[in-house]
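Novice: Return a 3D structure for these sequence lines:
(chains A and B)
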Amino acid sequence: MSDVPRIVSSRFETEGSHTMEGYKSSGTYAGYEQIRAALALSPDEVSSLVKDASVLGRGGAGFPAGVKWGFCPPDVWPRYLVVNGDESEPGTYKDRILMERDPHQLIEGCLIAAYAIGAAQVFLYVRGEMAHAQERIAAALNEAYAAGLVGKNILGTDFSVDIVLHWGAGAYIVGEETALIESLEGNRGMPRLKPPFFPAAKGLYMQPTIVNNVETLANLPWLLSHGVEEYRAIGTETSPGTRLIALSGHVNTPGVFEVPQGTTTFRELFEDERYGGGIRDGHELKMFIPGGASAPWFFPEQIDLPLEGRVIGGAGSMLGSGAVVVMDETTDAVRACLRIVRFFARESCGKCTPCREGTTWEEKILQRILDGHGRPNDLELLLDVADNISPGPYPAASHPDAGLEAIPFPPKQTTICPLGPSSVAPITSAIRRFRHEFEAKITHRDLIPVAAAPMGEGD
Amino acid sequence: MSERPRRIEITEPVEITVDGNSVTAQSGELLIDACERAGAYIPRFCYHPRMTPVGMCRMCLVEVDTGRGPALQPSCMLPVTPGMAVDTTGPAVAKAQDGVLEFLLANHPLDCPVCDKGGECPLQDQTVAYGPGESRFVEEKRHHTKPIPISETVFLDRERCILCDRCTRFAKEVAGDPLIHFIDRGSNTEINTFPGEPFSSYFSGNTVQICPVGALTAKPYRFKARPWDLEEVESTCTGCSVGCRITVQSSRNELLRYQGVDSDPVNWSWLCDKGRFGFESTQSDARLGEPMRREGGQLVPVRWSDALNAVASSISAADPNRVAVLGGARLTNESALAWARLAKSVIGTDHTDAQLGDGLPADAVLDLPGASIDEVCAKGGTVLYLGPDPKEELPVLYLRLRHAATNDKVHIVQISPVGTGLSPYAAANLHPRPGESPALVSALLGGEVPADGVAGVSADDIRNAAAMLAGVEELKVVIGRQNLAESADVTMDAIGVIRSACPSATYLPALRRANVRGALEAGLAPGRLPGRATLDAPGDWSERWGSVPSATGLDCEGILTAAAAGRIDVLILLGADPLSDFPDRELAARALDGAGTVVSVDPFVNASAARSADVVLAAAAFGEVDGTTTSCEGRVTVLSRKVTSPGTARADWIIAADLASRLGADDVALDGAEGLWAELVAASPAHAQVSTDSLANPDQADGVLLDLNGDGFVAPERLVLPAQNSYSLRLVVNRALYDHGTLVGHCGSSSGLANEQSVLLSSADAQSLAVAPGDTVTLTAQRSKMSAVVVVSSLVPRGVAVMRHNLVDADNSATADPGRIVTAGEAVCEIRVEAG
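Specialist: All right, here's what the predicted structure looks like:
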């Protein structure tokens, strides 16, 4: 693996990497020296560094972090930094590893970002179910406070920051930044409407708030240590650096891998021995989800696309949170579709009508089809219900055999946040590509045998 | 429901295009409102103009193009911007509306035939107008237990709920009682209360009115009528003196429902539950349908002529100076005028008082420069609040003040003996010892602040609050009776202090009873004649009426004292119940016993009448008479008759005219009620703007303000208080919204809501007295003693004991009323509290 640059995962396999001692003594840069380096610069210089390096947000939207920081209205104080550690998209588990194995790297990243944007208060929001990550971060924060690296007058300077660890209560929607802010304020986690509630202008307690993903911030210490040039040398012009991919599903060796952005292809990811090690047991690839459960599906034709946000967007899906789910030919497309739709139906916060009622309706129709009670017009109904959540052509991969062009990302929505439209992704993807599987279940009331072999032991 | 056309003053025009037509909107205006004014109504469920938009139901999606191509946007969340082009009817919009309605109906039970909302249901109406013809939803619908009570009066049917957040937003944002909330998520989301915590808000009925489906229903109206069978008329609520505009709805000559009208200067469509469900008293079985006379100790029905002749002969036989008329706040303006003339001209007595010793003297209401509710609540203002707990006494005024403080940056400096419902929203809360508010006000408005504070308030607290008041140009002062165990002279004294320290201040009298201001304006107070004329400056009233009294008469306390001493031969209770309402219950009882003939003019046999009335004249109630009323701010609005009175009960002015003619004056109401009003408008400069014609103008449906430029207020002499004994506490008697008053007592759904009587102590005093909550203590005052159960409250400061007026104890006994130990005429009431 020596040829793969290790920006955020350099301590993943180190014993004791979660302790301050481990953080300082291992990895590809010297731990807690980078905040010292940052403090030697002005906040604006740190911001420019991040902007110049074009560090893209790793939470899903891929927006440049340095640009986002610049959206805070000038002279409105206090500002807050909120760390989104509510990773809960099915298939995504990269932030969890980052928080469990290298909490100090995240804390140092928080300090650098807080210094750059002028925040004296950081809220670290960690998903409720990730008890281990919460404990590791809590222990790391205690160490950092004791060492004078967090708190008042950090490293003897007049820079002071408090970092508060906040445990979520288990709701997917809280991964959406405005819902996260609501939850942090003690309210029910329901998204706010943008506009007017763009967090950078009106966020936590109606103050300017920067919400960054865990992985985004974890990039900062390495960036401070190695510089913009070296960062931009990895990956491509528009997607520099690396990103963590959580690879799951029907590959021989699933796991979290750090890969260069933009240059690595899905084929490499699935087949390379360093990563997936091939489709499991010699099966054939049927489809894969390139960016978490809310991304439209890709198929074997898209396997040579690089992990580059703009390319994937143009091809009809998104890289999202870096969760790649591989499904081989034993997978029942209808059942896979239901499984994902059910997730969104259960996780809908209930705030806006199309999502609340529409996702459940979609789930019920799919369940009915699978139960052998499908009706001839169910597919048109399903697509029209989906259209009432996300009007117009929904992003989809090309389907050369059927002569269908790719429909580029993103989708439109009648909802407040993208959760409702996310439920449409598996439906349009599956029906466009595997309409015959649905029809077989509806017209023949056939239950296609689900041949999906059990996963490897212990999974 | 009567919806007022939305009016908006365009000061910063923004040009937009709505469905191809160019429209001028006001900068900052929401697109949904701008389109509606332009005639393009956009359907909506969650949007309510009096609450923060949330953009949840998605029904108001329209296609908006701001230069980047058309996109579906919720028009309730989008302020207009120059050049915005909006399509409210295009195919994309129609599909979205169709889709949203189909989604809303997917889990809706469609039990319209048995739903109270059917016929006036926004979901029903908009489905017809914008929705799909039939449902494609063949799955099983969501199920919940059918209506569950979430309070004593409100029922919730979660199956019908479309989760628009209106009720929950109202509870949190408008009422400040966040007792209902979303629970669970996805399509299992429901509205509910916290376990074991009912939705016991004084404002819960508003959620029923704003619910866009039949999910919330109120007990008094459930299954009583179908909307298309209702007849309605606009009127004014007379539950208190705020003067909320309502529509009165009836069917088959029975009042069935009140709905709040969005009257911009007053109630913004909100009502309190006491007012909203007050119609039940009109329909009560206990209503009097015929006059009664006491025969052999019992009140028995008699004919009107017998009753009136009996009253007239008692009056004729009495010296006019030994006849007194108490009350009048229940009356319409016109009836008050008729009774004022009957008393002051026909009978010739000046012993009249529309207040029952629990309000403020007429001088404080009529002779001060007035401030309207809108002026008090105007953005960025400063208010010195010296009134009663508005949440308990004037609930909708509380909503306005709360909104002003939380949304409009109004600083409220509240001076009250104990914490009130307004305390959480006031910028400063000062609790002077009872009786000592004038000294505190003096220190606040530029007076000296001794190091050890004033009236028990620390010097720091005074300086902080004084800083808020310093340099305020247009100080608004809310005045009222905060403590019934404290003489009204204390408030008068405080007003005098404010007048000299801050001459530009204007005043809103926060009086309890509905038309107390109208009755005072009609002259039902000692020394007063209609239209703010006085016996000293009677204007042309002696010509108009033939005569006016020569000397100033007694006020309520004086009348009762005289009656107790046997100096009143005829005591007329004009909708008054001194036994329940006068702060000194013992004096009231002795007065009723000592008066010669007691006549009660009332829709019910009230407590005083039951004890002592010789004749009870059955009066018409609210909803049964036309006329006008005057709210505490001086706003005259129209009252409308919707149903007929039971039996032969009749309007108060007709009773006055009948009595007058039996006393030899045939011309008291020759031109009916309207003639009485027209005479006042002609004679009184303050009423000149309020003619019947101007009240009938649809543009003035919210009523017309009287001239508020009173300036004749003369400050009384400063009070001298007794020094407080360190063993004693000072008693505060205040009011609760639900008490054992006559009207509430006859409202089926509200009568059980009154709390039990208790004495509220601070935890420090409870500790030093070694008593715990639930213990019984003895309260000893100068005159007598009583016992009460202790409640420890954080709203109560040290040195004060609080009781509520007109509540009963667990045994339903009125012996628990603090009126037993309060002595009328004393500046403050010192009591000793002892365990046991």
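
Novice: show me what contacts the closest residue to B:Ala533 other than its chain neighbours?
Specialist: Closest residue to B:Ala533 apart from its sequence neighbours, by CB to CB, 6 or more residues apart in numbering or on different chains: B:Gly539 at 4.4 Å. The C-beta positions use only the backbone N, C-alpha and C, and glycine is treated the same way. Contacts of B:Gly539 were listed using CB atoms under 8 Å, 6 or more residues apart in numbering or on different chains, and they are B:Leu529, B:Gly531, B:Ala533, B:Ala683.

Novice: residues near the closest residue in space to B:Pro109 that isn't next to it in sequence, how many?
Specialist: Nearest non-adjacent residue to B:Pro109, counting by CB to CB, 6+ apart: B:Glu159, 4.6 Å away. By other CB atoms under 10 Å in any protein chain shown, 21 other residues sit near B:Glu159.

Novice: Would you list the strands that the top strand by length along chain A pairs with, along with their directions?
Specialist: The longest strand of chain A (DSSP state E) is strand A:242-249. Looking at strand A:242-249 with DSSP bridges, its partner strands are strand A:255-260 (antiparallel), strand A:323-328 (parallel).

Novice: How about the residue of the stretch 201-350 of chain A found nearest chain B: what's its closest non-neighbour residue?
Specialist: When distances are taken as CB to the nearest CB, the stretch 201-350 of chain A reaches nearest to chain B at A:Gly350, 3.1 Å away. Sequence neighbours aside, B:Thr189 is the residue nearest to A:Gly350 in space, at 3.1 Å (criterion: CB to CB, 6+ apart).

Novice: Would you mind confirming that that neighbour is in contact with B:Ile183?
Specialist: Yes. B:Thr189 is within contact range of B:Ile183, at 7.2 Å (criterion: CB atoms under 8 Å).

Novice: Comparing the two, which residue is more hemmed in?
Specialist: Between B:Thr189 and B:Ile183, B:Thr189 has the larger neighbour count (other CB under 10 Å), namely 20 against 16.

Novice: Per-residue confidence, that one, what does it come out as?
Specialist: At B:Thr189, the pLDDT value in this model is 95.

Novice: what's near enough to touch the closest residue to chain B within the stretch 351-459 of chain A?
Specialist: Per CB to the nearest CB, A:Asn388 is where the stretch 351-459 of chain A lies closest to chain B, at 3.0 Å. Neighbouring residues of A:Asn388 by CB under 8 Å, 6+ apart: A:Pro354, A:Gly358, A:Thr414, B:Lys95, B:Ala96, B:Asp98, B:Gly99, B:Val100, B:Glu102, B:Phe103.

Novice: how does it look with 10 Å?
Specialist: When contacts are counted by CB atoms under 10 Å, 6 or more residues apart in numbering or on different chains, A:Asn388 touches A:353-354, A:357-358, A:361, A:414, A:420, A:424, B:58, B:95-96, B:98-100, B:102-103.

Novice: Which pair of these spans the longest distance?
Specialist: Greatest spatial distance among these (CB to CB): A:Val424 and B:Asp98, at 17.6 Å.

Novice: Tell me how many other residues surround the residue of the stretch 201-350 of chain A closest to chain B.
Specialist: Neighbourhood size, A:Gly350 [other CB under 10 Å]: 23.
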